[in-house]
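Asker: Make a model of this:
(one chain, ligands or ions: 1)
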Amino acid sequence: HAPVVVAIDGPSGSGKSTVSRAVAARLGLSFLDTGAMYRAMTWWMLANEVDVTDAEAVAIACGKPVIVSGTDTDGPTITVDGVDVSGPIRGPEVTAGVSAVAAVPAVRSRLVELQRGCAAVAERGIVTEGRDMGTVVFPAATVKVFLTASEAARAGRRAAELRAKGVDEATIAAMAADLGRRDAADSSRTTAPLAQAADAVLVDTSELTLEQVIDTVVELVAQRA
Ligand code: C5P
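Answerer: So this is what the prediction gives:
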């Protein structure tokens, strides 16, 4: 009996991270935030003055950083060349550059390999979240979920999240504008665009509480695992 893989995809602000982590905690599974890996790669590019809009330069450089992603459900850390970048990867510079970096095929093939490696060593199974978990990285996942929410709901949640962290209103407004731009870029790129897998269950979270979404996903896993 192969370990459980729960593949959760969706746009930013759909509640993916919170839901995925909570489902993993409840089921005693590992948790992998693949967006953090693309963010860590972007952080390294910025730190090393690689122009993130230059796809060729990014492709050449992307083999260099050593990215190690934790898979615990409580505050997993991610390191680049041994440096904990869990905080900096959430900042506006990385957020603005990440879609361009994530569109580069060489970046994706490198990180997909790391993602499959994380799943392979997760003894009890893993909940993995991103944009292409069900379509590309884990085509044989036990359960595939595509989380969506209306644009208004997503923008509102992201703003509340940032506000709770004490982020100022100007930055919140800038990040809201960035959210739409990033989703458009992620959905329209050539390699592994954000898309619902044919066999994924669509869950619209606009009108659901966090607990309801978690229960829905846990129930899907219980039915299939
Ligand atoms: O999920 P999060 O917003 O942290 O993801 C940051 C960015 O990483 C996304 O906007 C997308 O460009 C990229 N990403 C991706 N494939 C994934 C996860 C994230 O392209 N599986």
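Asker: Please make it C-alpha for all contacts and neighbour counts, starting now.
Answerer: Will do.
Asker: where along this structure do the helices fall?
Answerer: Secondary structure of the chain (DSSP state H): helices located at 16-27, 34-47, 55-61, 92-102, 105-121, 151-164, 169-188, 210-224.
Asker: Would you mind measuring from V6 to the ligand?
Answerer: 13 Å (CA to the nearest ligand atom, to the nearest Å).
Asker: wouldn't that residue be in contact with A140 here?
Answerer: No. The criterion here is CA atoms under 8 Å, and V6 misses it with A140 at 9.9 Å.
Asker: Which one of the two is surrounded by more residues?
Answerer: V6 (30 against 15; other CA atoms under 10 Å).
Asker: What residues does the more buried one make contact with?
Answerer: By CA atoms under 8 Å, 6 or more residues apart in numbering, V6 lies in contact with 126-128, 141-145, 221.
Asker: again, 6 Å this time
Answerer: Residues in contact with V6 (CA atoms under 6 Å, 6 or more residues apart in numbering) are 127, 142-143.
Asker: Dump these into CSV; add distance to the ligand, pLDDT and neighbour count as well.
Answerer: Shown next, in CSV, are these (distance: CA to the nearest ligand atom, whole Å; pLDDT from 0 to 100; neighbours: other CA atoms under 10 Å):
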residue, distance to the ligand, pLDDT, neighbour count
V127, 13, 98, 30
T142, 17, 96, 18
V143, 16, 97, 24
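Asker: how about those residues in CSV, adding distance to L27?
Answerer: Shown next, in CSV, are the contacts of V6 (distance: CA to CA, whole Å):
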residue, distance to L27
V127, 9
T142, 14
V143, 13
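Asker: Let's see which of these end up in strands.
Answerer: Within the contacts of V6, residues falling in strands by DSSP state E are 127, 143.
Asker: what residues does the protein put near the ligand?
Answerer: 12, 34-36, 38-39, 98-99, 102, 130-132, 182, 186 (CA under 6 Å from any ligand atom).
Asker: With respect to T205, which of those is nearest?
Answerer: S12 (12.5 Å; CA to CA).
Asker: Count the residues that sit near that closest one.
Answerer: As a measure of burial, S12 has 24 neighbours, counting by other CA under 10 Å.
Asker: Repeat that for V83.
Answerer: Neighbour tally, V83, other CA under 10 Å: 12.
Asker: One more: V167?
Answerer: Neighbours around V167, by other CA under 10 Å: 13.
Asker: Then the one 5 residues further on?
Answerer: As a burial measure, the neighbour count of I172 was computed by other CA under 10 Å and equals 19.
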